[in-house]
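Colleague: here is the input, now give the coordinates:
(one chain, ligands or ions: 1)
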Amino acid sequence: MSDRLTLETRRPEASSPPQEKVTRFFDGAAGFWTQVYSAPGVFADTHRRRLELALAWIDSLALQPGAHILVVGAGAGFEVIALANRGYLLTAIEPANAMVEIARGRADAAGCTGVRWVNGDAHALGFARESFDVVMALGVIPWLHTPGVAMAEMGRVLRPGGWWLGSADNAVRLDRLVDPARNPVVAPLSRRIRKAVMRPSASARPKARMHTGRAVHRLLDDAGIDPVAEVTFGFGPFTLIGRSMLPEAVGRTINAKLTELALRGVPLARATGSQRLALGQKRLVTP
Ligand SMILES: C[S@@+](CC[C@H](N)C(=O)[O-])C[C@H]1O[C@@H](n2cnc3c(N)ncnc32)[C@H](O)[C@@H]1O
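Modeller: Numbering: from 1, shown residues only. From the prediction side, this is the model:
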């Protein structure tokens, strides 16, 4: 790998107000996303598990050393560093400057100096078509204002037969179903309750969107990518009317047990984790 260190700025020509809100949010949350992989709690456990599962899938693909991987929404750079350490060639794209700075500093400190860093947006990738063997997008789909456009971009830059690996926030998740303030069936009432009890600042944050399995399949299909594997995992933190319901240790134990069942494919558990991780392969021939 070359030791060239680059940062390109590739903001989409017309950065939309929803994207600017998301980018501002992640610029302000860069410290949080640096610590999440070493923090205690169900949220952190689920993110650690997500990275672990994604890397296990990558390892199972037996890619050639030097395979070119694009990481979309690189955050604090955890997956970039893990992949660069496996001998792959990395390009990382991320719209939040603060995130890029942290990720680049961490990658550099870890000796991953050949990463190509791009400050840009998944909705307008600007790379040549069919230029990557793998596109990885962990935790990004929930924040996209037009996921269909971004998925089409990811499909465009992927070579035929190349792999897409990413995650979505699962709409049919147990922690949402058990809380009347979050359960979609009682949504109109829940909205009123939430307005009454949640912190006012919550509405100022961009909202992460959730997707069903069917919605994720549609996004992949429209981008010319066939689904290959899919799991859901991550249960909790459980809330009641938006407030924490269980002591942290209990929540972590429940999460670990339910995640184990979900990954073994036990009905109900396998469909109701908070995270949906999917692997797809770009069709050899696309119209
Ligand atoms: C939840 S974090 C996940 C970070 C990292 N992939 C991980 O799993 O640790 C989502 C990341 O997506 C980035 N993001 C948001 N909108 C994006 C967009 N339109 N294109 C690319 N990345 C985006 C955010 O700035 C943030 O760094």
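Colleague: which SSE is immediately downstream of the worst-scoring helix or strand of the chain on mean pLDDT?
Modeller: Across the helices and strands of the chain, mean pLDDT, DSSP states H and E gives its lowest value to helix 187-197, namely a mean of 58. On the C-terminal side of helix 187-197, the nearest following helix or strand under DSSP states H and E is strand 210-211.
Colleague: show me what the following helix or strand past that next one is packed up against.
Modeller: Toward the C-terminus, strand 210-211 is succeeded by helix 213-222 as the next helix or strand (DSSP H and E). Helix 213-222 sits against helix 147-157, strand 158-170, strand 225-233, strand 275-282, with contacts defined as 3 or more Cβ pairs under 8 Å, 6 or more residues apart in numbering; DSSP states H and E. To be clear about C-beta, it is placed using only N, CA and C from the backbone, and glycine gets the same treatment.
Colleague: could I get these as TSV with distance to the ligand and mean neighbour count?
Modeller: Output for the helices and strands packed on helix 213-222, formatted as TSV (distance: least, Cβ to the nearest ligand atom, whole Å; neighbours: other Cβ atoms under 10 Å):
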stretch	distance to the ligand	mean neighbour count
helix 147-157	6	21
strand 158-170	8	22
strand 225-233	14	19
strand 275-282	10	24
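Colleague: in CSV: those, plus mean pLDDT.
Modeller: CSV is the format used below for the helices and strands packed on helix 213-222 (pLDDT from 0 to 100):
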stretch, mean pLDDT
helix 147-157, 98
strand 158-170, 98
strand 225-233, 98
strand 275-282, 98
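Colleague: how about the ones you listed, which one is nearest residue 64?
Modeller: strand 158-170 (12.1 Å; Cβ to Cβ).
Colleague: tell me who's in contact with residue 98.
Modeller: Residues in contact with residue 98 (Cβ atoms under 8 Å, 6 or more residues apart in numbering) are 26-28, 30.
Colleague: and it, which of the three is it?
Modeller: What DSSP: H, G, I helix; E, B strand; the rest coil gives for residue 98 is helix.
Colleague: distance of it from the ligand?
Modeller: Separation of residue 98 from the ligand (Cβ to the nearest ligand atom, to the nearest Å) stands at 9 Å.
Colleague: and the stretch 101-250 of the chain, which residues reach the ligand?
Modeller: With Cβ under 6 Å from any ligand atom as the criterion, the stretch 101-250 of the chain meets the ligand at residues 121-123, 138-140, 143-144.
Colleague: how about those, which pair is most distant?
Modeller: Farthest pair in those (Cβ to Cβ) is 123 and 138. Separation: 17.4 Å.
Colleague: hmm, back to that, buried subset of the contacts of residue 98?
Modeller: The neighbour count (16 or more other Cβ atoms under 10 Å) marks 26, 30 as buried among those.
Colleague: turn the contacts of residue 98 into TSV, including secondary structure.
Modeller: TSV is the format used below for these (three-state DSSP):
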residue	secondary structure
26	helix
27	helix
28	helix
30	helix
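Colleague: next, the buried residues of stretch 100-117.
Modeller: Using 16+ other Cβ under 10 Å as the test for burial, stretch 100-117 gives 100-104, 106-107, 112, 114-117.
Colleague: now, which of those sits nearest residue 225?
Modeller: Nearest to residue 225 among the buried residues of stretch 100-117, with distances taken as Cβ to Cβ, is residue 116, at 23.1 Å.
Colleague: partners of the closest one in the sheet?
Modeller: residue 6, residue 91 (DSSP bridges).
Colleague: low-confidence stretches in the protein?
Modeller: Along the chain, the parts satisfying pLDDT under 70 run over 1-7, 9-14, 186-204, 286-287.
Colleague: can you pull the contacts of residue 273?
Modeller: Here residue 273 is in contact with 170, 173-174, 231-235, 258-259, 262 (Cβ under 8 Å, 6+ apart).
Colleague: coming back round to it: list just the nearest of the residues of the stretch 101-250 of the chain next to the ligand to residue 52.
Modeller: residue 138 (11.3 Å).
Colleague: once you drop chain neighbours, what's closest to the closest one?
Modeller: Excluding the flanking residues, the one nearest residue 138 by Cβ to Cβ, 6 or more residues apart in numbering is residue 167, at 5.2 Å.
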